[in-house]
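> Based on what follows, work out the 3D shape:
(chains A and B)
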Amino acid sequence: MNGLLDGLTWLLDAENWAGPTGVGARLVEHVWISAVSVLLACLIALPIGLWLGHLGRGGTLAINISNVGRAVPTFAILALLYMTPLGLSYWTTIIALVLFGIPPILTNAYVGMREVDRDAVEAARGMGMSGPQLLRGVELPLAIPLIMGGIRLATVQIVATATLAAVISGPGLGRIITSGFGRQDVPELIGGAIIVCLLALVVEGLMAWLQRAVDPMRRARRRRSRPDRDRGMPLVQDEVVSGA
Amino acid sequence: MALSGPVHTATLTDNCLVRNDWVCGEYLRTRRDDITDALVQHVTITVISVVIGFVVALVLAVVARRVRWLRGAILGTSTALYTLPSLAMFSLLLPFTGISTSTVVVGLVLYSLTILVRGILTGLDAVPADVREAAVGMGYDGLRLLRQVELPLAMPSIFAALRVATVSTVALTTIGMIVNHGGLGNLINRGLSSNFHAEVLTASVLCVVLALIADALLLGLQRWLTPWRRTVTA
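From the prediction side, this is the model:
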């Protein structure tokens, strides 16, 4: 327990927050690089996932990309990218983060679109809605909770993975932990771990709130049984998974 | 003039290790013992973590079903644990478990709980109420009801979660390298610090292969344990 208290004391010391390698600077780096990565991952994965879901094609790809993403160790990708000519640049970290952000967004967007009530889609088609109108006016609003669930999961994963960039001397809060390890400075190590965990929990809380706030159907959905909590979790669908 | 060319070229044999190629058979041959050790450590850590995680998750899921008000607490806590970055998780465990396999195993067990508890709960919740009532009417109760009626019916959902948890655990074990117990992660870390291409790539590929093998094995186990579903999934 003493270790944790020492870490907390280290973290509360204003001196450790100042300077270009202080907690403050690392926190800004961490948030900035995570935000850029989440945006890029959304830009790449959302259009593909939504379009495939709208067409109802490419399901195997959309589902399995998440399974593959889980099997590849983040650390391995960071190490391999570091050994390419990219080396120590920020892009090494960003590319790795984007690669791990894409699968949950893509899979959730696809599944979200596919799970939209077929009756609602048929009714909209019967009313003469064109493809893009259908996508924007019916499918998208109904799929928002699952789509946002994917973005939430990706964001949490990206913030977590950004910590790992420290092992290739990349940016972010993880550097406090690795520096603590390197110098055998336990309070610094634990202090770094605490601030990393706090950031992750705050981000998860914010994303959970955002997910609820942007759901256009949240009043109607309130009586549904599946709790909101579940929507930020990896999709585990035995039918889809075992069918592969 | 004598210094214009590399002095030692003559003494170096030209093979893929010297050229630092990404793919190198010579590496596999000369470091076979290293690779085997890392693989054994990786598999051991993964298996222990998933087994412990499964047992704990099963207990938690059953408790969550019996004690309604604990359900939210158990799900909430495991979700929060899942968001914690692995590097930070292992560091926070250090004061308690030190530089040891336990640090890695405890961390991995905590991560696997999220997916496993959820999967088991989903499976148990999906058992039709009339099936359960019929079983109770036939005299099944408590553990027997769980073991012989509820768990078999929950099997597909449990296995789906188990496969996801196992594949994630195989990948996450690599982070154990931070306390020097990361199986193949140790090799990646060593290769990274010495800029040894073949070592990093080989260990990374082995990790993915290991995850795929584990997934296939669990799928086989599931087919074997749920013979009544074979015709449905085939």
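
> what ranges of chain B fall below the confidence cut-off?
Low-confidence segments of chain B (pLDDT under 70): B:1-12, B:230-234.

> where exactly do the helices run in it?
Counting by DSSP state H, the segments of chain B that form helices are B:16-19, B:25-30, B:32-66, B:68-83, B:86-97, B:101-125, B:129-137, B:142-145, B:151-172, B:184-193, B:197-225, B:230-233.

> In chain B, which residue is most central in space?
Centroid-nearest residue in chain B, with Cα atoms, centre = their mean: B:T169, separated by 2.0 Å.

> That one and B:T114 touch, don't they?
No: using Cβ atoms under 8 Å, B:T169 is not in contact with B:T114; the gap is 11.7 Å. Using the backbone N, CA and C atoms, a C-beta is placed for each residue, glycine as well.

> By mean pLDDT, flag the weakest helix or strand of chain A.
Using mean pLDDT, DSSP states H and E, the weakest-scoring helix or strand in chain A turns out to be helix A:238-243, at a mean of 32.

> In chain B, which residue sits closest to chain A?
Using Cβ to the nearest Cβ, B:P95 is the residue of chain B that sits closest to chain A, at 2.7 Å.

> Surely that residue is in contact with A:I190?
Yes: with contact defined as Cβ under 8 Å, B:P95 reaches A:I190; the gap is 6.8 Å.

> Please say which of these two ends up with more neighbours.
Neighbours were tallied for B:P95 and for A:I190 using other Cβ atoms under 10 Å in any protein chain shown; the higher tally belongs to A:I190 (28 against 17).

> Look up phi and psi at that one.
A:I190 has phi and psi values of phi -70, psi -40 when expressed as degrees, to the nearest 10.

> the inter-axis angle of the strand or helix carrying A:A62 versus helix B:151-172?
Assignment of secondary structure by DSSP states H and E places A:A62 within helix A:59-71. For helix A:59-71 and helix B:151-172, the angle between their directions (axes from the mean of the first three to the mean of the last three Cα atoms, to 10 degrees) works out to 60 degrees.

> From the contact counts, what lies against the next helix or strand after helix A:59-71?
Next helix or strand after helix A:59-71 toward the C-terminus (DSSP H and E): helix A:74-82. When contacts are defined as 3 or more Cβ pairs under 8 Å, 6 or more residues apart in numbering or on different chains; DSSP states H and E, helix A:74-82 packs onto helix A:90-114, helix A:140-164, helix B:184-193, helix B:197-225.

> buried sites along stretch A:33-50?
Buried positions in stretch A:33-50, judged by neighbour count with 16 or more other Cβ atoms under 10 Å in any protein chain shown: A:33-34, A:36-38, A:40-42, A:44-46, A:48-50.

> now these as CSV including distance to B:T30 and pLDDT?
Written out in CSV, the entries for the buried residues of stretch A:33-50 read as follows (distance: Cβ to Cβ, whole Å; pLDDT from 0 to 100):
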residue, distance to B:T30, pLDDT
A:I33, 38, 95
A:S34, 40, 96
A:V36, 42, 97
A:S37, 38, 96
A:V38, 43, 97
A:L40, 41, 97
A:A41, 40, 97
A:C42, 45, 97
A:I44, 41, 96
A:A45, 42, 95
A:L46, 47, 94
A:I48, 43, 93
A:G49, 45, 93
A:L50, 50, 91
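
> Redo those as CSV? Include distance to chain B and secondary structure.
Formatted as CSV, the buried residues of stretch A:33-50 follow (distance: Cβ to the nearest Cβ, whole Å; DSSP: H, G, I helix; E, B strand; the rest coil):
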residue, distance to chain B, secondary structure
A:I33, 14, helix
A:S34, 11, helix
A:V36, 18, helix
A:S37, 14, helix
A:V38, 15, helix
A:L40, 20, helix
A:A41, 17, helix
A:C42, 19, helix
A:I44, 22, helix
A:A45, 19, helix
A:L46, 22, helix
A:I48, 22, helix
A:G49, 19, helix
A:L50, 24, helix
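
> quick check, nearest of these to A:L61?
Of all the buried residues of stretch A:33-50, the one with the least separation from A:L61 (Cβ to Cβ) is A:I48, at 9.1 Å.
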